[in-house]
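*Asks:* return a 3D structure for these sequence lines:
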Amino acid sequence: MSKIVQRIRDFFRSSTRDARAFELWGDRARERQSSTRPILAWTDSLVVSRQYIHPTISGLPDENWLDWSARRYFPTPAELALSIGSGDGGLERHGLSVGLAKRFEAFDASPGAVELARQLAQKHGLEDRVTYSVADLNEYQFMPGRYDAVFASMAVHHIRDLEHVFSQLHLALKPGGLLVVNEFVGPNQFQWTDRQMELADDLLNQVPERYRRSLMSGHIKGRVVRQTLADMNTVDPTEAVRSADIIPLMRSHFDLVEQVDYGGTLLNLVLEEIAGNFNDTAEDLAVLKPLFDAERRYMDTNVIQSDFAILVARSRSSN
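*Replies:* Model prediction:
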C-alpha cells in the first residue's frame, strides 16, 4: 500500500471518529444546562474556582478569566469578535455582558451544541448580537481581516490541525488584534507523567474518605487513573489530541503577550469525579487548602509545570 493511500485512509478514519465526538459534544452541552448534574471536574467547582482558579488568574475570587480579560485588555469592547469551539454559548453570553465585544460570530463542530447556543442566545435576547455556525475548525477558512479579537475556552485542545487553525486565526484577525484563550496545555491525550501521578496519588491519600466517593460510580476513589490511548480514542479521539503543542505553535504564529498559569496539573487528577463533594464551608476548605498550597509549591519549585493556562497573543502586523 502506498503512503498516499494510507494517509487518505487514516484521514477518513480520523474524520469518522471525530464526527462521533462532535455528536458527543452536543450531548455534553445539553447536560451542562441541568441544575442536577454532578460536579465532576475541578474547573466546574464553584468552590475551587473562587478559592483557587480565579485568584490565581485575576487576584479576585469573583473575577473569572473573561472578567479579567475585559478589565485588562478590553477597556473598549471589540467591535466584532470571533469565538471558536463555542459549545453552549456561555463564553459569548458572558463576554457580551462584561463588554468584551459588541458582537460575536461563533463556530462549533457540533450541530447539537450550535442549536442549543442559538436557543440560549434567543432566550437571553442576544440573537441580534451573536450568530452561530457549524464548522470543523480543522478545515474551515475564515474571511481575512474580519475580526478585532478571537476567544476560545477549552476548545483548541480538541483541534488536530493546529497549524491550520492558528494560520487561519492570524489571517482572520486585524493587525494587532488579540487572541485570548483559556486552555488545557498539558500532556497529549491525558497521558500523565509517572511523577505527576505519583504526586497526585500522594495528595489524594491526604483527602478524608468521606470526600473521595466518586459522583459517577459511587466507589471510593483510591488512586488517579491514566486512560490508555485506545480508551481515549474510543471515547473521544479529539480530547487533548495535541494539547502539548498549543503554546509552541501559538508562538510561531502570534506574539505571546501574557501567559497566566493556573495549575491543574495535580488538582485536575485529584478532584476528578469528586470535585462536587466540596462546599464553601470552613471544614471543606480546610481539606482543599493544603491541596492548593501543595500544587502551588510544586509549580513554584519547577517540580511540575502548569497544565492549564490563560494565553493572550497579538496578531502580527503582516499577514
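
*Asks:* low-confidence regions, the stretch 201-319 of the chain specifically.
*Replies:* By pLDDT under 70, the weakly predicted segments of the stretch 201-319 of the chain are 318-319.

*Asks:* need the helices for it, in chain order.
*Replies:* Taking DSSP state H, counting those that start in this stretch as the criterion, the stretch 201-319 of the chain contains helices spanning 229-235, 246-253, 267-271, 282-300.

*Asks:* starting at the chain centroid, how far to the second one?
*Replies:* It stands for helix 246-253. 16 Å (CA atoms, centre = their mean, to the nearest Å).

*Asks:* give me the residues contacting that helix.
*Replies:* With contact meaning CB atoms under 8 Å, 6 or more residues apart in numbering, helix 246-253 is reached by 156-157, 162-163, 166-167, 169-170, 179, 183, 185, 256, 259, 309, 311, 313. Where you see a C-beta, it was placed from the backbone N, CA and C, and this is true even at glycine.

*Asks:* still on that earlier bit, could I get the helices of the stretch 201-319 of the chain as a markdown table with distance to Gly90 and mean neighbour count?
*Replies:* Converted to a markdown table, the helices of the stretch 201-319 of the chain look like this (distance: least, CB to CB, whole Å; neighbours: other CB atoms under 10 Å):
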| stretch | distance to Gly90 | mean neighbour count |
| --- | --- | --- |
| helix 229-235 | 23 | 13 |
| helix 246-253 | 21 | 16 |
| helix 267-271 | 20 | 26 |
| helix 282-300 | 25 | 15 |
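
*Asks:* and those helices: which comes nearest Ala106?
*Replies:* Among those, helix 246-253 comes nearest to Ala106, with 20.0 Å by CB to CB.

*Asks:* Asp44: neighbour count?
*Replies:* If you count neighbours by other CB atoms under 10 Å, Asp44 ends up with 15.

*Asks:* the one 10 residues further on too?
*Replies:* Using other CB under 10 Å as the criterion, His54 is surrounded by 21 other residues.

*Asks:* repeat for Tyr140
*Replies:* Neighbourhood size, Tyr140 [other CB under 10 Å]: 16.

*Asks:* contacting residues around it?
*Replies:* Phe107, Gln168.

*Asks:* three-state assignment of it?
*Replies:* Per DSSP: H, G, I helix; E, B strand; the rest coil, the secondary structure class of Tyr140 is coil.

*Asks:* only the buried residues of stretch 52-68, if you could.
*Replies:* Buried residues in stretch 52-68, counted by 16 or more other CB atoms under 10 Å: 52-58, 63-68.

*Asks:* quick one: mean pLDDT for it?
*Replies:* On average, the pLDDT along stretch 52-68 is 98.

*Asks:* select, out of the helices of the stretch 201-319 of the chain, the one closest to Pro144.
*Replies:* helix 246-253 (14.4 Å).

*Asks:* helix/strand/coil for Phe151?
*Replies:* Of the three states, Phe151 takes strand under three-state DSSP.

*Asks:* so what's it up against?
*Replies:* Leu66, Ser69, Ala81, Leu82, Ser83, Ile84, Leu91, Gly95, Leu100, Leu179, Val180, Val181.

*Asks:* would you reformat the buried residues of stretch 52-68 as CSV and include distance to Asp194?
*Replies:* Shown next, in CSV, are those (distance: CB to CB, whole Å):
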residue, distance to Asp194
Tyr52, 25
Ile53, 26
His54, 31
Pro55, 30
Thr56, 26
Ile57, 29
Ser58, 33
Glu63, 36
Asn64, 33
Trp65, 31
Leu66, 35
Asp67, 37
Trp68, 34
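
*Asks:* now, the residues you listed that are in helices?
*Replies:* Of the buried residues of stretch 52-68, the ones assigned to helices by DSSP state H are His54, Pro55, Thr56, Ile57, Ser58, Trp65, Leu66, Asp67, Trp68.
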